[in-house]
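Enquirer: Predicted model, plus sequence, below.
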Amino acid sequence: MPSIENAKEKMAAALTAVSREFNTVRTGKATPALLDTVRVDAYGSKMPINQLATVSAPDASLLVVQPFDQSLLADIERAIQAADLGFNPANDGTIIRISVPPLNQERRKEYVKILHKMAEDARVSVRHARQEARDELKQKMKDREVPEDEGHRQMDEAQKLTDRYIGRIDEFLKHKEEEVMQV
């Protein structure tokens, strides 16, 4: 039954990935996860901002970035501007303050479209994992490694797994969509 277990692992990974992606989408309030996609040129490579600085949200409209190494302050500021997140960082020489403006209705709708695309990509990953499991099972049935009735039972199980994971992705999407559209 390794093909079903393998499919389950891939489906769980897709669910985790979409959850992480959803956290990078603004909801109108400041959260450190908004900067998760920012990569900073530091020490000869591109590094995630959370490996170079502490990112905190002291209130709902402000992010504070405090670098571990003060010499990276300008690089971090440039990376935030280059990330095209719509933020204007303010560098005071020791920390970077980022004011998170409230979202207007048009921008919220754009974010919802982005969320739907992320969810669809996750659904495609889940369906791809199911298809791989089905193909492997069909080959095993053809080679007579698995009895036909057991193969069909496992294919049904793969479909049930797929339905369950797609349902969870849809739940995440609904929750995040409500969060983004809240005024």
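Expert: Done, it's in.
Enquirer: So for this protein, the centremost residue is which one?
Expert: residue 21 (1.6 Å; Cα atoms, centre = their mean).
Enquirer: Are there helices or strands packed against the longest helix along the chain, and which ones?
Expert: Selection of the longest helix in the chain by residue count, based on DSSP state H, yields helix 105-142. With contacts taken as 3 or more Cβ pairs under 8 Å, 6 or more residues apart in numbering; DSSP states H and E, helix 105-142 sits against helix 2-23, helix 148-181. Bear in mind the C-beta positions are built from the backbone N, C-alpha and C, glycine included.
Enquirer: Pop out the phi and psi values for the closest residue to residue 59 other than its chain neighbours.
Expert: Leaving aside its chain neighbours, residue 59 sits nearest to residue 30 (7.2 Å; criterion: Cβ to Cβ, 6 or more residues apart in numbering). Per-residue torsions, residue 30: phi -70, psi 130 (degrees, to the nearest 10).
Enquirer: so residue 30 sits right up against residue 56, yeah?
Expert: No: checked against Cβ atoms under 8 Å, the pair residue 30 and residue 56 is beyond contact range at 9.2 Å.
Enquirer: Would it be right to say that residue 58 lies in a strand?
Expert: Yes: with DSSP: H, G, I helix; E, B strand; the rest coil as the criterion, residue 58 is part of a strand.
Enquirer: Can you work out which residues contact both of residue 30 and residue 56?
Expert: Both residue 30 and residue 56 are in contact with residue 63, where contact means Cβ atoms under 8 Å, 6 or more residues apart in numbering.
Enquirer: which residues does the residue nearest to the residue nearest to the centre of the chain when sequence neighbours are not counted contact?
Expert: Once flanking residues are discounted, residue 21 sits nearest to residue 118: 4.9 Å by Cβ to Cβ, 6+ apart. By Cβ under 8 Å, 6+ apart, the contact set of residue 118 is 18, 21, 22, 25.
Enquirer: of all these, which comes closest to residue 3?
Expert: Closest approach to residue 3 among those (Cβ to Cβ): residue 18, at 22.9 Å.
Enquirer: and the closest one, how many residues sit next to it?
Expert: 24 (other Cβ atoms under 10 Å).
Enquirer: hang on, it packs against residue 171?
Expert: No: with contact defined as Cβ under 8 Å, residue 18 does not reach residue 171; the gap is 11.1 Å.
Enquirer: distance of residue 163 from residue 113?
Expert: Residue 163 sits at a distance of 25 Å from residue 113 (criterion: Cβ to Cβ, to the nearest Å).
Enquirer: Between these two, which is the more surrounded one?
Expert: Per other Cβ under 10 Å, whichever of residue 163 and residue 113 has more neighbours is residue 163, with 12 against 9.
Enquirer: Would you list the phi and psi of the most far-flung residue of the chain relative to its centre?
Expert: What lies farthest from the middle of the chain is residue 144; by Cα atoms, centre = their mean that is 40.4 Å. Main-chain dihedrals, residue 144, degrees, to the nearest 10: phi 60, psi 30.
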